[in-house]
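Visitor: Based on what follows, work out the 3D shape:
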Amino acid sequence: MGHLDHAAFGWLTPVLSYVMACIGAALGLRCTVRALGATGRSRRNWLLTAASAIGTGIWTMHFVAMLGFSVSGTEIRYNVPLTILSLLVAMVVVGAGVFAVGYGRDGGRALAFGGLTTGLGVASMHYLGMAALRLHGVVRYDPVLVGLSVVIAVVAATAALWAALNIKSPVAVAVASLVMGGAVSSMHYTGMVAVSVRVSPSGEALPGATAMQFIFPLAVGLGSYLFLTSAFVALSPTADEREASASAQRPVESVAR
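Guide: Okay, the predicted model is just below:
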């Protein structure tokens, strides 16, 4: 049985992964709030941005945390197509949940469906990402802890979507994002505690890419996307600000006439 280390770089990867989860959650919640105050194409675009932000944040959180994962007695590599598929699944399934909330007429039913769908998307991304793992040995899971990690994902997603529907204050959204980031990180590490590896030492070369060859550059790129999109959303006027600006211009136009 190989010894598993979930924090080979100390607190660096757990803390950084939590930060990425919080940024993705904050951006996703703000975009969902903007979407609920918009109509037509604008609502759709805000919801697409929310889905990409939450999906990207969750994926980046997972693989930044995985940079600190090691197993004694074997190298670790990643299957590139499966790793990319895990990112796409996160965005698509989370998107289905976000759109259910954004366009749902029955708030309670839409929240339940959206939370379930988004939570399953988070869990699917995690375990697809784990399926991309390549090492000399066999990976096994504790089914009870796997089930618990899925429950945590669904509860976290439902709570986040509830916050998007009911919390409008930027400060409250920030607090909700910290809570969701903690829940997503808890889901990840609960899923990782479920893992055990029976190592089969071998000199045969492993297929796939190392974390530093593939995961690290992609995580940096997606992290940059989150930061830049966050800046765009922060600088973009809200619906109330646009309405206030339009109202302020009307008296000026009347005087000009």
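
Visitor: Going by length in residues, pull out the top helix of the chain.
Guide: helix 40-66 (DSSP state H).

Visitor: So which bits of it are buried?
Guide: By neighbour count on 16 or more other Cβ atoms under 10 Å, the buried set for helix 40-66 is 43, 46-66. To be clear about C-beta, it is placed using only N, CA and C from the backbone, and glycine gets the same treatment.

Visitor: Check which helices and strands that helix sits against.
Guide: helix 12-36, helix 80-103, helix 107-131, helix 170-193, helix 216-235 (3 or more Cβ pairs under 8 Å, 6 or more residues apart in numbering; DSSP states H and E).

Visitor: I'd like to check the angle between the second one and helix 12-36, please.
Guide: Here the directions of helix 80-103 and helix 12-36 differ by 40 degrees (axes from the mean of the first three to the mean of the last three Cα atoms, to 10 degrees).

Visitor: avg pLDDT for helix 80-103?
Guide: Averaging pLDDT along helix 80-103 yields 85.

Visitor: other SSEs contacting that helix?
Guide: Where contact means 3+ Cβ pairs under 8 Å, 6+ apart, helix 80-103 is packed against helix 12-36, helix 40-66, helix 107-131, helix 143-166.

Visitor: same check, this time on the last one
Guide: Packed against helix 216-235 by the contact rule (3+ Cβ pairs under 8 Å, 6+ apart) you find helix 12-36, helix 40-66.

Visitor: which residues does Arg134 form a beta bridge with?
Guide: Counting by DSSP bridges, Arg134 forms beta bridges with Arg77.

Visitor: wait, it sits on Leu82?
Guide: No: counting by Cβ atoms under 8 Å, Leu82 is not a contact partner of Arg134; they are 9.6 Å apart.

Visitor: By mean pLDDT, flag the weakest helix or strand of the protein.
Guide: Using mean pLDDT, DSSP states H and E, helix 239-256 stands out as the lowest-scoring helix or strand of the chain, at a mean of 54.

Visitor: mind putting the helices and strands packed on helix 216-235 in CSV, mean pLDDT and distance to Gly97 included?
Guide: Below are those laid out as CSV (pLDDT from 0 to 100; distance: least, Cβ to Cβ, whole Å):
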stretch, mean pLDDT, distance to Gly97
helix 12-36, 86, 10
helix 40-66, 86, 8
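
Visitor: would TSV of those helices with distance to Gly119 be doable?
Guide: What follows is those, written out as TSV (distance: least, Cβ to Cβ, whole Å):
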stretch	distance to Gly119
helix 12-36	13
helix 40-66	11
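
Visitor: All good on my end, thank you.
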